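In: this is a predicted model, with the sequence first.
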Amino acid sequence: MRRDPRNRTAVGCALLVIALGAGATGCSSGGDPLSAEPYDATDRISFSGPSEGKKADPDKPLELGAEDSDEHITDVTAVDAAGRHVAGELAADGSRWHSTSPLAADADYTVRVSTEDEDGARGRKVLTFTTGKPAAAKSLGVTFGPGRGTYGVGQPLTAELTAPVRDPAQRAVVERGLKVSSTPAADGAWHWVDDKLLHFRPKDYWPENATVRMRSNLEGIRIGDRLRGTRTASLTLRTGDRVIAVADVAAHRLKVYKSGEEIRTIPVTAGKPGFETRNGVKVVLAKERLVRMRSTSIGIAEGSSESYDMPVHFATRVTWSGEYVHAAPWSVGSQGYANVSHGCVGMSTGDAEWFFDTFGQGDLVEVVNSDGDTMEPFGNGFGDWNLSWDQWREGSALTGGTGTASTSEEKARLRPQSV
(Lines give C-alpha, C1' and ligand atoms only; values in the text may rest on other atoms or scores of the structure.)
Protein backbone atom coordinates (compact mmCIF):
# COMPACT_ATOMS: atom_id res chain seq x y z
CA MET A 1 0.00 0.00 0.00
CA ARG A 2 1.06 3.56 -0.45
CA ARG A 3 1.65 5.57 2.70
CA ASP A 4 0.32 9.13 2.54
CA PRO A 5 2.32 11.90 4.10
CA ARG A 6 1.06 13.00 7.48
CA ASN A 7 0.45 16.61 8.37
CA ARG A 8 2.93 17.91 10.91
CA THR A 9 2.75 20.92 13.18
CA ALA A 10 5.56 23.45 13.24
CA VAL A 11 8.24 23.14 15.90
CA GLY A 12 9.09 25.94 18.29
CA CYS A 13 11.91 28.36 17.49
CA ALA A 14 14.46 26.07 19.18
CA LEU A 15 14.18 23.60 16.31
CA LEU A 16 14.31 24.13 12.59
CA VAL A 17 12.25 21.61 10.63
CA ILE A 18 13.91 20.54 7.39
CA ALA A 19 11.18 19.31 5.05
CA LEU A 20 12.42 17.70 1.90
CA GLY A 21 9.10 16.06 0.91
CA ALA A 22 7.43 12.81 1.83
CA GLY A 23 8.26 9.48 0.23
CA ALA A 24 6.62 6.13 -0.25
CA THR A 25 6.73 2.88 1.61
CA GLY A 26 7.22 -0.27 -0.40
CA CYS A 27 5.16 -2.84 1.55
CA SER A 28 2.14 -4.91 0.67
CA SER A 29 -0.85 -5.31 2.95
CA GLY A 30 -0.32 -7.98 5.53
CA GLY A 31 3.45 -8.09 4.79
CA ASP A 32 6.30 -8.10 7.29
CA PRO A 33 7.17 -4.44 8.01
CA LEU A 34 10.78 -5.37 8.79
CA SER A 35 11.27 -6.72 5.27
CA ALA A 36 9.86 -3.60 3.61
CA GLU A 37 11.95 -0.82 2.11
CA PRO A 38 12.21 1.99 4.70
CA TYR A 39 9.92 4.90 3.97
CA ASP A 40 11.14 8.49 3.68
CA ALA A 41 10.81 10.03 7.14
CA THR A 42 11.98 13.47 6.04
CA ASP A 43 8.80 15.32 7.03
CA ARG A 44 8.44 13.38 10.26
CA ILE A 45 11.72 14.39 11.93
CA SER A 46 12.65 17.89 13.06
CA PHE A 47 16.30 19.01 13.00
CA SER A 48 18.05 21.93 14.65
CA GLY A 49 20.53 22.34 11.82
CA PRO A 50 21.01 25.26 9.43
CA SER A 51 18.60 26.37 6.76
CA GLU A 52 19.48 25.68 3.15
CA GLY A 53 22.64 27.46 2.01
CA LYS A 54 23.71 28.30 5.56
CA LYS A 55 26.44 26.84 7.73
CA ALA A 56 25.84 25.37 11.15
CA ASP A 57 27.25 26.95 14.29
CA PRO A 58 29.82 24.41 15.57
CA ASP A 59 29.28 25.63 19.13
CA LYS A 60 25.63 24.53 19.17
CA PRO A 61 24.48 20.92 19.69
CA LEU A 62 22.49 18.95 17.13
CA GLU A 63 18.88 18.13 18.02
CA LEU A 64 16.44 15.76 16.33
CA GLY A 65 12.81 15.24 17.28
CA ALA A 66 9.95 12.93 16.24
CA GLU A 67 7.04 15.09 15.08
CA ASP A 68 4.29 12.67 16.07
CA SER A 69 3.65 10.43 19.07
CA ASP A 70 3.18 7.52 16.63
CA GLU A 71 6.75 7.93 15.36
CA HIS A 72 9.96 7.32 17.30
CA ILE A 73 13.66 7.51 16.55
CA THR A 74 15.53 4.22 16.84
CA ASP A 75 19.07 5.18 15.79
CA VAL A 76 21.14 8.22 14.81
CA THR A 77 24.62 8.25 13.25
CA ALA A 78 26.41 11.58 12.75
CA VAL A 79 29.90 11.57 11.21
CA ASP A 80 32.09 14.12 9.45
CA ALA A 81 34.12 13.68 6.28
CA ALA A 82 37.21 12.77 8.33
CA GLY A 83 35.36 9.84 9.91
CA ARG A 84 34.88 11.45 13.32
CA HIS A 85 31.62 10.36 14.95
CA VAL A 86 29.46 12.64 17.06
CA ALA A 87 28.30 11.06 20.31
CA GLY A 88 24.65 11.55 21.22
CA GLU A 89 21.86 10.63 23.60
CA LEU A 90 18.48 9.21 22.60
CA ALA A 91 15.44 9.69 24.82
CA ALA A 92 14.00 6.46 26.24
CA ASP A 93 10.76 6.92 24.30
CA GLY A 94 12.58 7.72 21.05
CA SER A 95 11.03 11.18 20.85
CA ARG A 96 14.29 13.15 20.77
CA TRP A 97 18.04 12.82 20.18
CA HIS A 98 20.75 15.37 20.93
CA SER A 99 24.52 15.40 20.47
CA THR A 100 26.72 15.16 23.55
CA SER A 101 30.14 15.73 21.95
CA PRO A 102 31.28 18.92 20.21
CA LEU A 103 31.26 19.49 16.46
CA ALA A 104 34.34 20.40 14.48
CA ALA A 105 34.53 23.75 12.73
CA ASP A 106 34.69 23.91 8.92
CA ALA A 107 33.62 20.27 8.60
CA ASP A 108 31.11 18.42 6.40
CA TYR A 109 28.68 16.19 8.32
CA THR A 110 26.24 13.46 7.33
CA VAL A 111 23.44 12.48 9.73
CA ARG A 112 21.52 9.24 9.20
CA VAL A 113 18.31 8.79 11.19
CA SER A 114 16.35 5.55 11.56
CA THR A 115 12.72 5.63 12.73
CA GLU A 116 9.81 3.30 13.35
CA ASP A 117 6.06 3.99 13.44
CA GLU A 118 3.32 2.42 15.56
CA ASP A 119 2.82 -0.35 12.99
CA GLY A 120 6.50 -1.33 13.09
CA ALA A 121 7.27 0.13 9.66
CA ARG A 122 10.79 1.51 9.38
CA GLY A 123 11.72 4.96 8.12
CA ARG A 124 14.93 6.76 7.36
CA LYS A 125 16.21 10.28 6.89
CA VAL A 126 19.61 11.46 5.67
CA LEU A 127 20.82 15.00 6.36
CA THR A 128 23.99 16.77 5.29
CA PHE A 129 25.35 20.09 6.48
CA THR A 130 28.58 22.03 6.88
CA THR A 131 29.78 23.80 9.99
CA GLY A 132 31.16 27.31 9.79
CA LYS A 133 34.12 29.00 11.39
CA PRO A 134 34.03 29.35 15.17
CA ALA A 135 34.22 32.61 17.02
CA ALA A 136 37.77 33.80 17.69
CA ALA A 137 39.43 31.24 19.92
CA LYS A 138 42.81 30.10 21.17
CA SER A 139 44.29 26.94 19.74
CA LEU A 140 45.16 23.85 21.74
CA GLY A 141 48.07 21.98 20.23
CA VAL A 142 49.43 18.58 21.24
CA THR A 143 52.95 17.18 21.05
CA PHE A 144 53.19 13.41 21.28
CA GLY A 145 56.16 11.64 22.85
CA PRO A 146 58.60 10.07 23.31
CA GLY A 147 59.43 10.35 19.59
CA ARG A 148 59.94 8.01 16.67
CA GLY A 149 62.10 4.98 17.28
CA THR A 150 62.10 1.63 19.06
CA TYR A 151 61.50 1.46 22.82
CA GLY A 152 61.12 -1.11 25.55
CA VAL A 153 57.72 -2.53 26.46
CA GLY A 154 57.57 -0.30 29.57
CA GLN A 155 57.71 3.03 27.74
CA PRO A 156 54.73 5.27 28.59
CA LEU A 157 53.43 7.59 25.88
CA THR A 158 53.06 11.32 26.51
CA ALA A 159 50.85 14.09 25.20
CA GLU A 160 51.94 17.62 26.07
CA LEU A 161 49.35 20.38 25.58
CA THR A 162 50.08 23.97 24.61
CA ALA A 163 47.46 25.32 27.04
CA PRO A 164 46.26 24.11 30.45
CA VAL A 165 42.99 22.17 30.67
CA ARG A 166 41.55 21.96 34.18
CA ASP A 167 37.81 21.40 33.81
CA PRO A 168 36.90 17.66 33.97
CA ALA A 169 34.41 17.95 31.09
CA GLN A 170 37.00 19.66 28.91
CA ARG A 171 39.58 17.05 29.85
CA ALA A 172 37.13 14.39 28.71
CA VAL A 173 36.88 16.10 25.30
CA VAL A 174 40.67 16.09 25.02
CA GLU A 175 40.96 12.42 25.96
CA ARG A 176 38.32 11.37 23.45
CA GLY A 177 40.28 13.13 20.74
CA LEU A 178 43.66 11.56 21.53
CA LYS A 179 43.73 8.16 19.85
CA VAL A 180 46.22 5.38 20.57
CA SER A 181 46.30 2.05 18.76
CA SER A 182 48.78 -0.79 18.66
CA THR A 183 49.39 -3.90 16.59
CA PRO A 184 49.13 -6.36 18.35
CA ALA A 185 46.32 -4.66 20.26
CA ALA A 186 46.72 -3.49 23.88
CA ASP A 187 44.00 -1.77 25.90
CA GLY A 188 45.18 1.30 27.78
CA ALA A 189 44.15 4.66 29.22
CA TRP A 190 45.33 8.26 29.57
CA HIS A 191 46.27 9.68 32.96
CA TRP A 192 46.49 13.42 33.67
CA VAL A 193 49.88 14.16 35.24
CA ASP A 194 49.12 17.88 35.40
CA ASP A 195 47.01 20.44 33.54
CA LYS A 196 49.18 20.23 30.40
CA LEU A 197 50.64 16.71 30.45
CA LEU A 198 49.06 13.29 29.96
CA HIS A 199 50.65 9.84 30.06
CA PHE A 200 49.26 6.74 28.34
CA ARG A 201 50.03 3.14 29.30
CA PRO A 202 48.35 -0.23 28.82
CA LYS A 203 46.99 -2.27 31.71
CA ASP A 204 50.03 -4.50 31.34
CA TYR A 205 53.27 -3.84 29.49
CA TRP A 206 53.15 -3.26 25.73
CA PRO A 207 53.28 -6.33 23.50
CA GLU A 208 56.70 -7.21 22.16
CA ASN A 209 57.66 -5.94 18.71
CA ALA A 210 54.44 -3.94 18.39
CA THR A 211 53.67 -0.92 16.26
CA VAL A 212 52.10 1.89 18.29
CA ARG A 213 50.35 4.87 16.69
CA MET A 214 49.20 8.12 18.27
CA ARG A 215 47.01 10.70 16.54
CA SER A 216 44.71 13.56 17.46
CA ASN A 217 41.13 14.10 16.30
CA LEU A 218 40.92 17.48 18.03
CA GLU A 219 41.45 19.71 15.00
CA GLY A 220 38.60 22.23 14.93
CA ILE A 221 36.89 20.69 17.98
CA ARG A 222 35.62 23.03 20.67
CA ILE A 223 37.22 22.10 23.98
CA GLY A 224 36.09 25.05 26.07
CA ASP A 225 35.14 28.70 25.80
CA ARG A 226 37.51 30.27 23.26
CA LEU A 227 39.62 27.08 23.07
CA ARG A 228 39.70 24.74 20.09
CA GLY A 229 41.97 21.95 19.00
CA THR A 230 44.41 22.46 16.17
CA ARG A 231 46.25 20.16 13.79
CA THR A 232 48.67 17.77 15.47
CA ALA A 233 51.33 15.60 13.88
CA SER A 234 50.76 11.90 14.45
CA LEU A 235 53.47 9.65 15.86
CA THR A 236 54.35 6.02 15.18
CA LEU A 237 56.89 4.05 17.19
CA ARG A 238 57.78 0.43 17.83
CA THR A 239 58.49 -1.74 20.82
CA GLY A 240 61.32 -4.23 21.02
CA ASP A 241 61.70 -7.44 23.00
CA ARG A 242 60.43 -7.63 26.57
CA VAL A 243 63.60 -6.91 28.61
CA ILE A 244 63.19 -6.69 32.39
CA ALA A 245 65.71 -6.64 35.24
CA VAL A 246 64.65 -7.56 38.77
CA ALA A 247 67.08 -6.40 41.45
CA ASP A 248 66.57 -8.15 44.80
CA VAL A 249 68.29 -5.81 47.24
CA ALA A 250 68.11 -8.25 50.16
CA ALA A 251 69.63 -11.07 48.09
CA HIS A 252 72.17 -8.76 46.38
CA ARG A 253 71.27 -10.28 43.01
CA LEU A 254 69.91 -8.84 39.77
CA LYS A 255 68.22 -11.18 37.30
CA VAL A 256 67.62 -10.23 33.68
CA TYR A 257 64.72 -11.67 31.68
CA LYS A 258 64.22 -11.45 27.93
CA SER A 259 60.86 -12.46 26.46
CA GLY A 260 60.06 -14.21 29.76
CA GLU A 261 63.29 -16.24 29.90
CA GLU A 262 66.04 -15.62 32.46
CA ILE A 263 69.25 -14.84 30.58
CA ARG A 264 71.67 -13.62 33.28
CA THR A 265 72.13 -13.32 37.05
CA ILE A 266 74.44 -10.56 38.27
CA PRO A 267 75.80 -9.97 41.80
CA VAL A 268 75.10 -6.37 42.81
CA THR A 269 75.28 -3.89 45.62
CA ALA A 270 72.51 -1.35 46.30
CA GLY A 271 71.80 1.56 48.66
CA LYS A 272 73.14 1.30 52.19
CA PRO A 273 71.21 2.52 55.28
CA GLY A 274 70.37 6.20 54.89
CA PHE A 275 70.71 5.96 51.10
CA GLU A 276 68.30 3.10 50.35
CA THR A 277 67.46 2.32 46.73
CA ARG A 278 63.83 2.97 45.83
CA ASN A 279 61.58 -0.06 45.46
CA GLY A 280 59.30 -0.40 42.47
CA VAL A 281 59.28 -0.45 38.71
CA LYS A 282 61.46 2.07 36.88
CA VAL A 283 61.75 2.72 33.15
CA VAL A 284 65.15 3.23 31.57
CA LEU A 285 65.44 6.93 30.70
CA ALA A 286 68.87 7.21 29.09
CA LYS A 287 72.35 5.70 28.90
CA GLU A 288 75.71 7.40 29.43
CA ARG A 289 78.98 5.60 28.77
CA LEU A 290 80.79 7.99 31.08
CA VAL A 291 79.28 10.34 33.64
CA ARG A 292 80.89 12.33 36.42
CA MET A 293 79.06 11.73 39.69
CA ARG A 294 79.32 14.20 42.56
CA SER A 295 77.96 13.72 46.07
CA THR A 296 76.98 17.39 46.28
CA SER A 297 74.23 16.71 43.69
CA ILE A 298 72.34 14.63 46.28
CA GLY A 299 72.99 16.93 49.22
CA ILE A 300 76.16 15.40 50.65
CA ALA A 301 78.56 18.10 51.78
CA GLU A 302 81.89 18.23 49.99
CA GLY A 303 84.71 16.94 52.19
CA SER A 304 82.41 14.91 54.45
CA SER A 305 82.91 11.20 55.09
CA GLU A 306 80.28 10.33 52.48
CA SER A 307 81.42 12.73 49.76
CA TYR A 308 82.58 11.54 46.34
CA ASP A 309 83.51 12.95 42.92
CA MET A 310 84.38 10.30 40.35
CA PRO A 311 83.97 9.17 36.73
CA VAL A 312 81.48 6.30 36.34
CA HIS A 313 81.27 4.03 33.29
CA PHE A 314 78.32 2.28 31.63
CA ALA A 315 75.65 4.21 33.52
CA THR A 316 72.03 3.32 32.73
CA ARG A 317 69.74 6.03 34.17
CA VAL A 318 66.40 5.09 35.77
CA THR A 319 65.49 8.30 37.67
CA TRP A 320 66.12 11.98 37.04
CA SER A 321 67.31 12.37 40.64
CA GLY A 322 70.41 10.33 39.87
CA GLU A 323 69.66 6.64 40.30
CA TYR A 324 71.56 4.44 37.84
CA VAL A 325 72.58 0.88 37.18
CA HIS A 326 76.34 1.29 36.59
CA ALA A 327 79.85 -0.07 36.87
CA ALA A 328 81.22 0.07 40.42
CA PRO A 329 84.67 -1.58 40.37
CA TRP A 330 85.45 -0.07 43.81
CA SER A 331 82.76 -2.22 45.45
CA VAL A 332 83.31 -5.59 43.73
CA GLY A 333 84.14 -7.18 47.08
CA SER A 334 80.69 -6.26 48.41
CA GLN A 335 78.70 -7.16 45.30
CA GLY A 336 76.54 -10.18 46.01
CA TYR A 337 77.07 -9.77 49.78
CA ALA A 338 76.33 -6.26 51.09
CA ASN A 339 74.71 -2.96 50.16
CA VAL A 340 77.27 -0.14 50.20
CA SER A 341 76.13 2.34 47.53
CA HIS A 342 74.49 5.75 47.84
CA GLY A 343 71.32 4.53 46.10
CA CYS A 344 72.45 3.17 42.75
CA VAL A 345 72.69 -0.48 41.75
CA GLY A 346 76.37 -1.21 41.26
CA MET A 347 78.05 -4.16 39.54
CA SER A 348 81.37 -5.14 37.98
CA THR A 349 82.55 -3.27 34.89
CA GLY A 350 82.05 -6.32 32.69
CA ASP A 351 78.49 -6.89 33.90
CA ALA A 352 77.70 -3.18 33.64
CA GLU A 353 78.92 -3.08 30.04
CA TRP A 354 76.73 -6.10 29.20
CA PHE A 355 73.76 -4.48 30.96
CA PHE A 356 74.41 -1.19 29.12
CA ASP A 357 74.45 -2.98 25.76
CA THR A 358 71.36 -5.10 26.55
CA PHE A 359 69.02 -2.42 27.90
CA GLY A 360 67.55 0.55 26.07
CA GLN A 361 65.12 3.37 26.65
CA GLY A 362 61.76 2.01 27.78
CA ASP A 363 63.13 -1.25 29.18
CA LEU A 364 62.32 -2.02 32.80
CA VAL A 365 64.24 -2.24 36.08
CA GLU A 366 62.28 -3.46 39.10
CA VAL A 367 63.74 -3.17 42.60
CA VAL A 368 62.37 -5.40 45.35
CA ASN A 369 63.10 -6.04 49.03
CA SER A 370 64.72 -2.67 49.71
CA ASP A 371 64.08 -0.66 52.86
CA GLY A 372 63.68 2.43 50.69
CA ASP A 373 60.53 4.23 49.62
CA THR A 374 58.61 3.17 46.52
CA MET A 375 59.39 4.93 43.26
CA GLU A 376 56.97 7.83 42.81
CA PRO A 377 54.72 7.54 39.73
CA PHE A 378 55.58 10.99 38.35
CA GLY A 379 58.14 13.71 38.80
CA ASN A 380 61.30 11.61 38.87
CA GLY A 381 61.15 9.66 35.63
CA PHE A 382 58.56 7.13 34.55
CA GLY A 383 57.18 5.44 37.66
CA ASP A 384 53.82 4.96 35.95
CA TRP A 385 53.79 1.18 36.50
CA ASN A 386 53.82 1.63 40.27
CA LEU A 387 50.13 2.56 40.13
CA SER A 388 47.61 -0.28 39.98
CA TRP A 389 45.33 -0.34 36.95
CA ASP A 390 42.43 1.01 39.05
CA GLN A 391 44.64 3.81 40.38
CA TRP A 392 45.80 4.60 36.86
CA ARG A 393 42.24 4.87 35.56
CA GLU A 394 41.39 7.27 38.40
CA GLY A 395 43.64 9.77 36.64
CA SER A 396 41.47 9.69 33.52
CA ALA A 397 38.63 12.15 33.03
CA LEU A 398 36.74 9.38 31.20
CA THR A 399 37.12 6.50 33.65
CA GLY A 400 38.09 8.25 36.88
CA GLY A 401 35.96 11.38 36.66
CA THR A 402 38.42 14.17 37.37
CA GLY A 403 41.85 13.31 36.08
CA THR A 404 43.31 15.17 39.06
CA ALA A 405 46.90 16.20 38.49
CA SER A 406 50.01 14.87 40.16
CA THR A 407 53.44 16.45 40.34
CA SER A 408 54.72 17.50 36.93
CA GLU A 409 57.64 15.50 35.65
CA GLU A 410 59.28 18.69 34.52
CA LYS A 411 59.78 19.77 38.16
CA ALA A 412 62.33 17.00 38.67
CA ARG A 413 64.53 17.43 35.64
CA LEU A 414 67.58 18.13 37.78
CA ARG A 415 70.46 15.83 37.13
CA PRO A 416 72.06 14.78 40.45
CA GLN A 417 73.96 11.51 40.60
CA SER A 418 74.50 8.87 43.29
CA VAL A 419 76.89 5.94 43.31
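Out: Nice, I can see it.
In: what about the helices in the stretch 301-419 of the chain?
Out: Here the stretch 301-419 of the chain has its helices, by DSSP state H, counting those that start in this stretch, at 349-358, 389-394.
In: for Tyr109, find the nearest of those.
Out: Ranking the helices of the stretch 301-419 of the chain by proximity to Tyr109 (C-beta to C-beta) places helix 389-394 first, at 31.7 Å. The C-beta positions use only the backbone N, C-alpha and C, and glycine is treated the same way.
In: end-to-end on stretch 354-368?
Out: 22 Å (C-alpha to C-alpha, to the nearest Å).
In: going forward, begin numbering at 39 instead of 1
Out: Shifting the count to begin at 39 puts that one at stretch 392-406.
In: how about that stretch: buried residues?
Out: Neighbour-count burial for stretch 392-406 flags 392-394, 396-405 (criterion: 16 or more other C-beta atoms under 10 Å).
In: and those residues, which is closest to Ala288?
Out: Taking the buried residues of stretch 392-406 together and measuring to Ala288 by C-beta to C-beta, the closest member is Val405, at 10.7 Å.
In: report the central residue of the protein.
Out: Trp228 (3.2 Å; C-alpha atoms, centre = their mean).
In: if I pick that residue, what's in contact with it?
Out: Going by C-beta atoms under 8 Å, 6 or more residues apart in numbering, Trp228 touches 197, 213, 216, 236-238, 433-434, 436, 441.
In: out of the buried residues of stretch 392-406, who's nearest Pro88?
Out: Using C-beta to C-beta, these come closest to Pro88 at Gly400, 48.8 Å.
In: out of everything not next to it in sequence, what's closest to Lys320?
Out: Spatial nearest neighbour of Lys320, excluding adjacent residues (C-beta to C-beta, 6 or more residues apart in numbering): Val356 at 4.0 Å.
In: neighbours of that neighbour, how many?
Out: Val356: 30 surrounding residues under other C-beta atoms under 10 Å.
In: all helices for the stretch 89-238 of the chain, in order.
Out: With DSSP H, counting those that start in this stretch as the criterion, the stretch 89-238 of the chain has helices at 206-215.
In: buried residues in stretch 269-286?
Out: 270, 273, 275, 277-286.
In: among those, which lie within strands?
Out: 273, 275, 277, 281-286 (DSSP state E).
In: okay, those residues in CSV with distance to Ala125 and pLDDT next?
Out: What follows is these, written out as CSV (distance: C-beta to C-beta, whole Å; pLDDT from 0 to 100):
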residue, distance to Ala125, pLDDT
Leu273, 25, 98
Leu275, 29, 98
Thr277, 31, 98
Val281, 40, 98
Ile282, 39, 98
Ala283, 44, 98
Val284, 43, 98
Ala285, 46, 98
Asp286, 49, 98
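In: surely the residue nearest to Lys320 meets His364?
Out: No: using C-beta atoms under 8 Å, Val356 is not in contact with His364; the gap is 10.3 Å.
In: centre of the chain to stretch 95-102, how far?
Out: Centre-to-centre, stretch 95-102 and its host chain are 27 Å apart (C-alpha atoms, centre = their mean, to the nearest Å).
In: can you list the residues that contact it?
Out: Under C-beta under 8 Å, 6+ apart, the answer for stretch 95-102 is 52-53, 83-88, 111, 114, 116, 124, 126, 134-138, 140-143, 145, 149, 151, 169-170, 172-173, 258, 260.
In: ok, 7 Å please
Out: 53, 83-87, 111, 114, 116, 124, 134-137, 141-143, 151, 169-170, 172, 260 (C-beta atoms under 7 Å, 6 or more residues apart in numbering).
In: and stretch 362-382, by the same measure?
Out: 287, 290-291, 305-310, 313, 315, 336, 350-356, 361, 383-387, 390, 393, 403, 456-457.
In: quick one, which of these are buried?
Out: Among the contacts of stretch 362-382, the ones that count as buried by 16+ other C-beta under 10 Å are 287, 290, 305-310, 313, 315, 336, 350-356, 361, 383-386, 390, 393, 403, 456-457.
In: so of those, which ones are in strands?
Out: The members of the buried ones among the contacts of stretch 362-382 that map onto strands under DSSP E are 305, 350-355, 383-385, 403.
In: closest to Arg160 among these?
Out: Nearest member of those to Arg160, counting by C-beta to C-beta, is Val403, at 60.0 Å.
In: from the ones in strands among the buried residues of stretch 269-286, which single one is nearest Arg204?
Out: Closest approach to Arg204 among these (C-beta to C-beta): Leu273, at 25.2 Å.
In: dig out what Asp78 forms beta bridges with.
Out: Arg162 (DSSP bridges).
In: so how far is Tyr147 from it?
Out: 20 Å (C-beta to C-beta, to the nearest Å).
In: what angle separates the helix or strand containing Ile301 from strand 281-286?
Out: According to DSSP states H and E, Ile301 maps onto strand 299-305. Relative orientation of strand 299-305 versus strand 281-286 (axes from the mean of the first three to the mean of the last three C-alpha atoms, to 10 degrees): 40 degrees.
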